[in-house]
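Asks: Return a 3D structure for these sequence lines:
(one chain, ligands or ions: 2)
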Amino acid sequence: MLTDTHCHLYYDELYNNLSQVIQRANNLDVTRFICVGTNIEDSKKCLSISEDNDNIFASAGVHPHDSKDVSESYIDDIYEIIQYDSMIAIGEIGLDYFRNISAPETQKKIFREQMEIAQDLNYPVIIHNRDSDKDLIEILNDYPDVHGIAHCFSSDLEMANAFLEIGYYISFSGNLTFKNSHLPEVAKSIPLNRVLVETDSPYLSPEPHRGKANEPGRTRFVVEKLSEIYKVPFELIAKQTNDNATEIFSLP
Ligand SMILES: [Zn+2]
Ligand SMILES: [Zn+2]
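Replies: Ligands and ions are numbered 1, 2, ... in the order given. Okay, here's the model as predicted:
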(Lines give C-alpha, C1' and ligand atoms only; values in the text may rest on other atoms or scores of the structure.)
(Ligands and ions follow the chains in the order given, each with its own letter.)
Protein backbone atom coordinates (compact mmCIF):
# COMPACT_ATOMS: atom_id res chain seq x y z
CA MET A 1 0.00 0.00 0.00
CA LEU A 2 1.34 3.42 -1.05
CA THR A 3 0.17 6.95 -0.31
CA ASP A 4 0.39 9.73 -2.88
CA THR A 5 0.80 12.63 -0.46
CA HIS A 6 0.29 15.34 -3.09
CA CYS A 7 -2.01 15.34 -6.09
CA HIS A 8 -4.46 17.79 -7.63
CA LEU A 9 -7.38 15.52 -8.46
CA TYR A 10 -9.74 18.40 -9.29
CA TYR A 11 -7.94 19.30 -12.53
CA ASP A 12 -9.89 18.22 -15.62
CA GLU A 13 -7.26 15.70 -16.80
CA LEU A 14 -7.81 13.70 -13.59
CA TYR A 15 -11.28 14.73 -12.45
CA ASN A 16 -13.04 13.85 -15.70
CA ASN A 17 -12.00 10.19 -15.29
CA LEU A 18 -11.52 10.10 -11.55
CA SER A 19 -12.80 6.57 -10.94
CA GLN A 20 -10.52 5.14 -13.66
CA VAL A 21 -7.57 7.20 -12.41
CA ILE A 22 -8.10 5.81 -8.89
CA GLN A 23 -8.60 2.29 -10.23
CA ARG A 24 -5.35 2.48 -12.20
CA ALA A 25 -3.58 3.72 -9.06
CA ASN A 26 -5.06 0.91 -6.96
CA ASN A 27 -3.78 -1.58 -9.56
CA LEU A 28 -0.29 -0.21 -8.83
CA ASP A 29 -0.94 -0.52 -5.07
CA VAL A 30 -1.38 3.24 -4.57
CA THR A 31 -4.43 3.29 -2.35
CA ARG A 32 -4.37 6.56 -0.38
CA PHE A 33 -4.34 10.06 -1.75
CA ILE A 34 -4.01 13.59 -0.46
CA CYS A 35 -5.71 16.07 -2.74
CA VAL A 36 -4.06 19.46 -2.28
CA GLY A 37 -5.73 22.85 -2.72
CA THR A 38 -4.01 25.87 -4.28
CA ASN A 39 -6.73 28.49 -3.73
CA ILE A 40 -10.14 28.67 -2.06
CA GLU A 41 -12.13 27.45 -5.04
CA ASP A 42 -9.85 24.42 -5.51
CA SER A 43 -9.84 23.71 -1.79
CA LYS A 44 -13.64 23.46 -1.89
CA LYS A 45 -13.32 20.96 -4.76
CA CYS A 46 -10.77 19.03 -2.68
CA LEU A 47 -13.27 18.95 0.16
CA SER A 48 -16.05 17.54 -1.97
CA ILE A 49 -13.77 14.90 -3.54
CA SER A 50 -12.40 13.81 -0.17
CA GLU A 51 -15.80 13.71 1.50
CA ASP A 52 -17.05 11.46 -1.33
CA ASN A 53 -14.14 8.98 -1.29
CA ASP A 54 -12.94 7.00 1.72
CA ASN A 55 -9.24 6.89 0.83
CA ILE A 56 -8.92 10.44 -0.41
CA PHE A 57 -7.97 13.10 2.13
CA ALA A 58 -7.46 16.77 1.39
CA SER A 59 -5.90 20.08 2.32
CA ALA A 60 -7.03 23.68 2.05
CA GLY A 61 -4.77 26.63 1.38
CA VAL A 62 -3.56 29.33 -0.96
CA HIS A 63 -0.47 28.67 -3.13
CA PRO A 64 2.14 31.45 -3.39
CA HIS A 65 1.17 32.00 -7.05
CA ASP A 66 -2.43 32.59 -6.00
CA SER A 67 -1.63 34.82 -3.05
CA LYS A 68 -2.12 38.04 -5.05
CA ASP A 69 -5.76 37.05 -5.71
CA VAL A 70 -7.06 36.29 -2.21
CA SER A 71 -10.37 37.79 -1.15
CA GLU A 72 -10.87 39.53 2.18
CA SER A 73 -12.63 36.47 3.55
CA TYR A 74 -10.06 33.86 2.55
CA ILE A 75 -8.93 33.12 6.11
CA ASP A 76 -12.53 32.56 7.23
CA ASP A 77 -13.02 30.38 4.16
CA ILE A 78 -10.08 28.15 5.15
CA TYR A 79 -11.43 27.83 8.71
CA GLU A 80 -14.79 26.85 7.26
CA ILE A 81 -13.43 24.24 4.80
CA ILE A 82 -10.87 22.68 7.13
CA GLN A 83 -13.33 21.62 9.83
CA TYR A 84 -14.49 18.51 7.91
CA ASP A 85 -13.07 15.09 8.89
CA SER A 86 -11.45 14.40 5.53
CA MET A 87 -9.45 17.66 5.64
CA ILE A 88 -6.06 16.91 7.13
CA ALA A 89 -3.64 19.78 6.40
CA ILE A 90 -3.17 23.43 5.50
CA GLY A 91 -1.59 23.71 2.05
CA GLU A 92 -0.13 24.11 -0.25
CA ILE A 93 1.40 27.28 1.15
CA GLY A 94 4.87 28.77 0.92
CA LEU A 95 7.03 30.84 -1.39
CA ASP A 96 7.93 30.63 -5.08
CA TYR A 97 10.58 33.10 -6.23
CA PHE A 98 11.26 31.11 -9.40
CA ARG A 99 8.20 32.47 -11.15
CA ASN A 100 7.27 35.34 -8.82
CA ILE A 101 3.69 35.32 -10.10
CA SER A 102 2.75 37.13 -6.89
CA ALA A 103 5.14 39.74 -5.46
CA PRO A 104 7.45 38.31 -2.75
CA GLU A 105 6.01 40.63 -0.08
CA THR A 106 2.48 39.42 -0.87
CA GLN A 107 3.63 35.79 -0.85
CA LYS A 108 5.23 36.22 2.57
CA LYS A 109 2.17 37.90 4.06
CA ILE A 110 -0.26 35.22 2.86
CA PHE A 111 2.15 32.45 3.85
CA ARG A 112 2.44 33.82 7.40
CA GLU A 113 -1.31 34.27 7.74
CA GLN A 114 -1.82 30.60 6.87
CA MET A 115 0.96 29.46 9.22
CA GLU A 116 -1.07 31.24 11.92
CA ILE A 117 -4.12 29.13 11.02
CA ALA A 118 -2.05 25.93 11.20
CA GLN A 119 -0.66 26.99 14.56
CA ASP A 120 -4.09 27.91 15.88
CA LEU A 121 -5.74 24.65 14.78
CA ASN A 122 -2.71 22.39 15.24
CA TYR A 123 -2.78 21.19 11.62
CA PRO A 124 0.29 20.09 9.64
CA VAL A 125 1.32 22.24 6.66
CA ILE A 126 2.19 21.27 3.09
CA ILE A 127 5.01 23.58 2.04
CA HIS A 128 5.73 24.69 -1.54
CA ASN A 129 9.20 26.19 -1.95
CA ARG A 130 10.99 27.18 -5.11
CA ASP A 131 14.14 29.31 -5.10
CA SER A 132 13.11 30.83 -1.78
CA ASP A 133 15.06 28.72 0.74
CA LYS A 134 16.30 31.51 2.99
CA ASP A 135 13.03 33.43 3.46
CA LEU A 136 11.09 30.20 3.77
CA ILE A 137 13.13 28.77 6.65
CA GLU A 138 13.09 32.16 8.35
CA ILE A 139 9.28 32.13 8.36
CA LEU A 140 9.01 28.46 9.43
CA ASN A 141 11.31 29.24 12.36
CA ASP A 142 8.79 31.79 13.60
CA TYR A 143 6.24 28.98 14.07
CA PRO A 144 8.13 26.31 16.03
CA ASP A 145 4.95 24.48 17.04
CA VAL A 146 3.86 23.91 13.45
CA HIS A 147 5.05 20.78 11.62
CA GLY A 148 4.62 19.56 8.12
CA ILE A 149 6.21 18.49 4.90
CA ALA A 150 8.46 20.02 2.26
CA HIS A 151 6.50 18.97 -0.82
CA CYS A 152 8.19 18.21 -4.15
CA PHE A 153 11.59 18.79 -2.60
CA SER A 154 14.02 20.26 -5.13
CA SER A 155 16.61 22.14 -3.07
CA ASP A 156 20.05 21.00 -1.87
CA LEU A 157 21.16 18.91 1.11
CA GLU A 158 21.72 21.97 3.28
CA MET A 159 18.07 22.94 2.84
CA ALA A 160 16.93 19.35 3.44
CA ASN A 161 18.85 19.42 6.73
CA ALA A 162 17.29 22.76 7.64
CA PHE A 163 13.83 21.20 7.20
CA LEU A 164 14.81 18.06 9.14
CA GLU A 165 16.20 20.09 12.01
CA ILE A 166 12.85 21.78 12.60
CA GLY A 167 10.99 18.47 12.42
CA TYR A 168 9.66 18.57 8.86
CA TYR A 169 9.39 15.62 6.47
CA ILE A 170 10.84 15.66 2.95
CA SER A 171 8.55 14.60 0.11
CA PHE A 172 10.00 13.40 -3.20
CA SER A 173 8.12 13.50 -6.47
CA GLY A 174 8.80 12.35 -10.05
CA ASN A 175 11.66 14.83 -10.40
CA LEU A 176 13.73 12.38 -8.31
CA THR A 177 13.69 10.09 -11.35
CA PHE A 178 14.81 12.69 -13.91
CA LYS A 179 18.14 12.21 -15.66
CA ASN A 180 21.01 14.22 -14.16
CA SER A 181 18.94 15.18 -11.12
CA HIS A 182 20.93 16.14 -8.02
CA LEU A 183 18.11 14.76 -5.85
CA PRO A 184 19.23 11.10 -5.53
CA GLU A 185 22.44 12.38 -3.86
CA VAL A 186 20.35 14.45 -1.45
CA ALA A 187 17.86 11.65 -0.76
CA LYS A 188 20.66 9.28 0.26
CA SER A 189 21.40 11.38 3.35
CA ILE A 190 17.85 11.72 4.60
CA PRO A 191 16.72 9.27 7.29
CA LEU A 192 13.98 7.04 5.86
CA ASN A 193 11.63 7.79 8.72
CA ARG A 194 11.37 11.37 7.43
CA VAL A 195 10.73 10.63 3.73
CA LEU A 196 7.41 10.86 1.88
CA VAL A 197 6.41 10.22 -1.73
CA GLU A 198 4.07 12.08 -4.06
CA THR A 199 3.28 12.70 -7.70
CA ASP A 200 2.12 16.36 -7.78
CA SER A 201 -0.07 15.05 -10.60
CA PRO A 202 -1.15 16.10 -13.16
CA TYR A 203 2.31 17.78 -13.17
CA LEU A 204 5.78 16.24 -13.14
CA SER A 205 5.42 12.81 -14.67
CA PRO A 206 8.33 10.58 -13.62
CA GLU A 207 10.55 8.66 -16.02
CA PRO A 208 9.58 6.71 -18.14
CA HIS A 209 6.45 8.84 -18.57
CA ARG A 210 8.07 12.27 -18.48
CA GLY A 211 6.14 14.87 -20.51
CA LYS A 212 2.75 13.11 -20.26
CA ALA A 213 -0.06 14.00 -17.84
CA ASN A 214 0.86 12.51 -14.51
CA GLU A 215 -1.37 10.29 -12.36
CA PRO A 216 -1.29 9.27 -8.68
CA GLY A 217 -0.45 5.66 -9.64
CA ARG A 218 3.01 6.84 -10.64
CA THR A 219 3.89 7.30 -6.97
CA ARG A 220 5.15 3.78 -7.52
CA PHE A 221 8.04 4.97 -9.72
CA VAL A 222 9.21 7.33 -6.99
CA VAL A 223 9.22 4.46 -4.49
CA GLU A 224 11.11 2.27 -6.97
CA LYS A 225 13.72 5.00 -7.38
CA LEU A 226 14.11 5.38 -3.62
CA SER A 227 14.54 1.64 -3.29
CA GLU A 228 17.39 1.87 -5.82
CA ILE A 229 18.95 4.87 -4.05
CA TYR A 230 18.78 3.40 -0.53
CA LYS A 231 19.55 -0.14 -1.76
CA VAL A 232 16.70 -1.59 0.28
CA PRO A 233 13.66 -3.61 -0.88
CA PHE A 234 10.70 -1.81 -2.48
CA GLU A 235 8.36 -3.13 0.26
CA LEU A 236 10.44 -1.50 2.97
CA ILE A 237 10.27 1.95 1.32
CA ALA A 238 6.56 1.43 0.66
CA LYS A 239 5.80 0.59 4.28
CA GLN A 240 8.00 3.30 5.77
CA THR A 241 6.73 6.14 3.54
CA ASN A 242 3.17 5.01 4.12
CA ASP A 243 3.68 4.95 7.89
CA ASN A 244 5.31 8.38 7.72
CA ALA A 245 2.23 9.77 5.91
CA THR A 246 -0.05 8.27 8.55
CA GLU A 247 2.07 9.85 11.26
CA ILE A 248 2.46 13.41 9.97
CA PHE A 249 -1.13 13.75 8.69
CA SER A 250 -2.74 11.70 11.51
CA LEU A 251 -4.48 9.51 8.94
CA PRO A 252 -6.81 6.74 10.16
ZN1 LIG B 1 3.74 22.91 -5.20
ZN1 LIG C 1 1.01 20.90 -6.01
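Asks: wait, what's in contact with the residue nearest to His209 when sequence neighbours are not counted?
Replies: Excluding the flanking residues, the one nearest His209 by C-beta to C-beta, 6 or more residues apart in numbering is Arg218, at 6.4 Å. In this view, the C-beta of every residue, glycine as well, is placed from N, C-alpha and C. Counting by C-beta atoms under 8 Å, 6 or more residues apart in numbering, Arg218 touches Leu28, Gly174, Thr199, Ser201, Ser205, Pro206, His209.
Asks: now those as TSV including pLDDT?
Replies: Formatted as TSV, the contacts of Arg218 follow (pLDDT from 0 to 100):
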residue	pLDDT
Leu28	97
Gly174	93
Thr199	96
Ser201	96
Ser205	78
Pro206	73
His209	78
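Asks: and these as TSV, adding distance to Ser154 and secondary structure?
Replies: Converted to TSV, the contacts of Arg218 look like this (distance: C-beta to C-beta, whole Å; DSSP: H, G, I helix; E, B strand; the rest coil):
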residue	distance to Ser154	secondary structure
Leu28	24	coil
Gly174	11	helix
Thr199	14	coil
Ser201	16	strand
Ser205	15	coil
Pro206	14	coil
His209	19	coil
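Asks: Closest one of those to Lys44?
Replies: Taking C-beta to C-beta as the measure, Lys44 lies nearest Ser201 of those, at 19.7 Å.
Asks: Quickly note the distance from Cys7 to ligand 1.
Replies: 11 Å (C-beta to the ion, to the nearest Å).
Asks: and the chain, which residues reach ligand 1?
Replies: The chain has residues Glu92, His128 near ligand 1, with proximity defined as C-beta under 5 Å from the ion.
Asks: mind listing the strands for the chain?
Replies: Assigned by DSSP state E, the strands in the chain fall at 2-7, 30-36, 56-60, 87-96, 125-130, 148-150, 169-172, 195-197.
Asks: okay, those strands in CSV with mean neighbour count next?
Replies: Below are these laid out as CSV (neighbours: other C-beta atoms under 10 Å):
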stretch, mean neighbour count
strand 2-7, 28
strand 30-36, 25
strand 56-60, 28
strand 87-96, 26
strand 125-130, 26
strand 148-150, 28
strand 169-172, 26
strand 195-197, 26
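Asks: Okay, and the beta partners of the residue nearest to Ser132 when sequence neighbours are not counted?
Replies: Counting by C-beta to C-beta, 6+ apart, Leu95 is the residue found nearest to Ser132 once chain neighbours are left out, at 3.6 Å. Per DSSP bridges, residues listed as beta-bridge partners of Leu95: Asn129.
Asks: Hmm, Leu95 is touching Thr106, no?
Replies: No - using C-beta atoms under 8 Å, Leu95 makes no contact with Thr106, being 10.4 Å away.
Asks: Touching stretch 229-246 from outside, list them.
Replies: Here stretch 229-246 makes contact (C-beta under 8 Å, 6+ apart) with 1-3, 5, 29, 32, 34, 169, 184, 187-188, 192-197, 223-224, 226-227, 251.
Asks: who's in contact with the closest residue to ligand 1 within the stretch 101-250 of the chain?
Replies: The nearest approach of the stretch 101-250 of the chain to ligand 1 comes at His128, 3.6 Å away (C-beta to the ion). By C-beta under 8 Å, 6+ apart, His128 lies in contact with His63, Pro64, Gly91, Glu92, Ile93, Gly94, Leu95, Asp96, His151, Cys152.
Asks: 6 Å instead?
Replies: Glu92, Gly94, His151 (C-beta atoms under 6 Å, 6 or more residues apart in numbering).
Asks: Figure out the length between the terminal residues of stretch 97-108.
Replies: Stretch 97-108 has an end-to-end distance of 11 Å (criterion: C-alpha to C-alpha, to the nearest Å).
Asks: now do stretch 32-48
Replies: Using C-alpha to C-alpha, the end-to-end distance of stretch 32-48 comes to 16 Å.
Asks: Can you list the buried residues in it?
Replies: Neighbour counts using 16 or more other C-beta atoms under 10 Å place 32-40, 42-47 of stretch 32-48 among the buried residues.
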